[in-house]
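S.K.: no FASTA, just this:
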């Protein structure tokens, strides 16, 4: 157990009593690259480091043992061990424990440690696969996290409303802090795994039915565009998408990129004709804001959080009828000019990790 506490460098400038103002941020989901939770842990952690006041709080990052120093060698780490699912020693040293996802099994025991819980979504409630028994199980897991928490944060008003409808909050405070969005700059990158030779529509996400990608091949009728979909997932669902492409006679213009690295992702955002995201279940929808940072025309469904996040800067399919979708796409694409692109970028700029970090620090500090 010699590696339970992995302090890279001793904290500096801690005020008297600083041991009681240590904040632990659970970043275990950073172990899953190319996922929204990986980005949430990474981007929020970096923003918290920039915004924290060493005279008020000392940050510790709870990370997988194999992920050494993801936030730099000068930060403080609490390493994960397999036995932590049964026993979490040392948690009493923290004033605040931030559980960054709703179904974590790693929670501090009841005691003086305050707990902040971030809930991203309840998407399992509208997915077809989970049986009623599994839904009850998932809800029970989240309810236990809520019961242990002292303050709950949701990443959208949509998620907050779902939580209030399906879970018991009692008198626990619950508020919304939007995710931020960071556009990395890869100016020298120009080698995507696949380089389209014609204008293309880009989409991104796990290949799962809830993402609703199979409605997108209809957008390729009557033009020479390609559809590029990035993300890992269900091969059975990929075949359904191919079937829809065959039905519309556009199968040779739909391409699956698989998981892609950050430089590639931003290359496709930068060079796409438009971004399409017809998802049925989103707690936030980070790819929407990422595409908007490039001023791209963004086409969304009216489901879940997407109207809230896309706002007036996005275009919406009010049904998935192929003729309706084509009409909306062609009309809005034709009207997208530089003034519109500027407005789209301005909307994306409202989603700031710095602002998110300041919101979480405000919550951590209520127990100073």
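M.R.: All right, it came through fine. Everything numeric here is computed off the predicted structure, so don't read it as measured data. Residues are numbered from 1 along each chain as shown.

S.K.: Share the number of residues neighbouring the spatially closest residue to residue 301 that is not a sequence neighbour, please.
M.R.: Take residue 301 and drop its neighbours on the chain: the residue closest to it by Cβ to Cβ, 6 or more residues apart in numbering is residue 278, 4.4 Å away. Heads up, the C-betas are built off the backbone N, CA and C, glycines and all. Neighbourhood size, residue 278 [other Cβ atoms under 10 Å]: 22.

S.K.: so how far is residue 79 from residue 278?
M.R.: Applying Cβ to Cβ, to the nearest Å, one obtains 41 Å for the distance of residue 278 from residue 79.

S.K.: Tell me where the protein has strands.
M.R.: 5-7, 22-26, 58-63, 76-79, 96-99, 114-119, 151-154, 174-176, 200-204, 226-230, 254-258, 274-277, 298-301, 315-317 (DSSP state E).

S.K.: pLDDT on the first one, on average?
M.R.: Just to be clear, that refers to strand 5-7. Predicted confidence along strand 5-7 averages 37 (mean pLDDT).

S.K.: which residues in the stretch 251-368 of the chain form helices?
M.R.: Assignment of helices within the stretch 251-368 of the chain using DSSP state H, counting those that start in this stretch yields the ranges 262-271, 286-292, 306-310, 322-334, 338-348, 353-364.

S.K.: In TSV: the ones you listed, plus distance to residue 123, mean neighbour count and mean pLDDT.
M.R.: Shown next, in TSV, are the helices of the stretch 251-368 of the chain (distance: least, Cβ to Cβ, whole Å; neighbours: other Cβ atoms under 10 Å; pLDDT from 0 to 100):
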stretch	distance to residue 123	mean neighbour count	mean pLDDT
helix 262-271	22	18	94
helix 286-292	14	25	96
helix 306-310	13	22	98
helix 322-334	23	15	97
helix 338-348	23	15	97
helix 353-364	21	18	98
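
S.K.: now these in a markdown table, with distance to residue 115?
M.R.: Compiled in a markdown table, those are given as follows (distance: least, Cβ to Cβ, whole Å):
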| stretch | distance to residue 115 |
| --- | --- |
| helix 262-271 | 31 |
| helix 286-292 | 25 |
| helix 306-310 | 27 |
| helix 322-334 | 44 |
| helix 338-348 | 32 |
| helix 353-364 | 11 |
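
S.K.: so which of these comes closest to residue 61?
M.R.: Of all these, it is helix 353-364 that lies closest to residue 61, at 13.5 Å by Cβ to Cβ.

S.K.: ok, residue 162 - contacts?
M.R.: Applying Cβ atoms under 8 Å, 6 or more residues apart in numbering to residue 162 gives the contacts 121-122, 125.

S.K.: Need the worst-confidence member of these.
M.R.: Within the contacts of residue 162, pLDDT reaches its minimum at residue 125, with 89.

S.K.: how near is it to residue 280?
M.R.: From residue 125 to residue 280 the distance is 11 Å (Cβ to Cβ).

S.K.: same question, residue 91
M.R.: Residue 91 sits 38 Å away from residue 280, taking Cβ to Cβ as the criterion.

S.K.: same deal with residue 114?
M.R.: On the measure of Cβ to Cβ, residue 114 and residue 280 end up 36 Å apart.

S.K.: domains for the protein, by residue range?
M.R.: What automatic domain parsing lists as the domains of the chain is 5-180+352-367, 200-348.

S.K.: any idea which of those domains is most buried?
M.R.: Between the domains of the chain, domain 200-348 has the highest mean count of neighbours, a mean of 19, where neighbours are mean count of other Cβ atoms under 10 Å.

S.K.: now that one, how far from the centre of its chain.
M.R.: Counting by Cα atoms, centre = their mean, to the nearest Å, domain 200-348 is centred 17 Å from the centre of its parent chain.

S.K.: Endpoints of that domain, how far apart?
M.R.: Using Cα to Cα, to the nearest Å, the end-to-end distance of domain 200-348 comes to 22 Å.

S.K.: Then stretch 117-132?
M.R.: The distance separating the two terminal residues of stretch 117-132, taken as Cα to Cα, comes to 25 Å.

S.K.: Run through the bridge partners of residue 228.
M.R.: With DSSP bridges as the criterion, the beta-bridge partners of residue 228 are residue 202, residue 255.

S.K.: Quick check, it in contact with residue 202.
M.R.: Yes: using Cβ atoms under 8 Å, residue 228 is in contact with residue 202, at 5.3 Å.

S.K.: shared neighbours, these two?
M.R.: With contacts taken as Cβ under 8 Å, 6+ apart, the residues that reach both residue 228 and residue 202 are 268, 272.

S.K.: Any stretches of the stretch 51-200 of the chain with poor pLDDT?
M.R.: Applying pLDDT under 70 to the stretch 51-200 of the chain flags residues 127-131.

S.K.: and if we set it to 80?
M.R.: Across the stretch 51-200 of the chain, the stretches falling below the confidence threshold (pLDDT under 80) are 127-133, 183-185.

S.K.: Tell me where it has helices.
M.R.: 132-148, 157-166.

S.K.: got the angle for the first one vs strand 114-119?
M.R.: Think helix 132-148. Using axes from the mean of the first three to the mean of the last three Cα atoms, to 10 degrees, one finds that helix 132-148 and strand 114-119 are set 150 degrees apart in direction.
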